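Participant: Sequence and predicted structure are below.
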Amino acid sequence: MAKHIFVTGGVVSSLGKGITSASIGRLLKCHGLK
């Protein structure tokens, strides 16, 4: 069970990182275009 929770937690954290990095990239692009 602990391994399963650890794996799911890693997947969720990686997904969150991807979403945050994508949103930051969009913000940077918007500011760069102006």
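Facilitator: Received it, and whenever you're ready, just let me know what you need. This structure is a prediction, so every number in the text was calculated from the model and none was measured.

Participant: Below-threshold pLDDT in the protein: ranges please.
Facilitator: Residues of the chain meeting the criterion pLDDT under 70: 1, 33-34.

Participant: ok, now with 80
Facilitator: 1-2, 4-5, 32-34 (pLDDT under 80).

Participant: Now do the helices in this protein.
Facilitator: Along the chain, the segments classed as helices by DSSP state H run 2-33.

Participant: Would you mind measuring from residue 32 to residue 23?
Facilitator: Plainly put, residue 32 is 15 Å away from residue 23 if you go by Cβ to Cβ, to the nearest Å. Just so you know, the C-beta spots here come from the backbone N, C-alpha and C atoms, and that holds for glycine as well.

Participant: and if you look at residue 16?
Facilitator: 11 Å.

Participant: out of residue 32 and residue 23, which sits in the busier spot?
Facilitator: Relative neighbour count places residue 23 above the other of residue 32 and residue 23, with 10 against 7, counting by other Cβ atoms under 10 Å.

Participant: now that one: how far from residue 4?
Facilitator: Residue 23 is 29 Å from residue 4, where distance means Cβ to Cβ.

Participant: what does residue 26 give?
Facilitator: Residue 26 is 33 Å from residue 4, by Cβ to Cβ.

Participant: tell me, how many neighbours does residue 12 end up with?
Facilitator: Neighbours of residue 12 using other Cβ under 10 Å come to 10.

Participant: Now for it: which residues touch it?
Facilitator: If a contact means Cβ atoms under 8 Å, 6 or more residues apart in numbering, then residue 12 has no contacts.

Participant: can you check residue 27 too?
Facilitator: Per Cβ under 8 Å, 6+ apart, neighbours of residue 27: none.

Participant: measure it to residue 16 for me?
Facilitator: Residue 27 is 16 Å from residue 16, by Cβ to Cβ.
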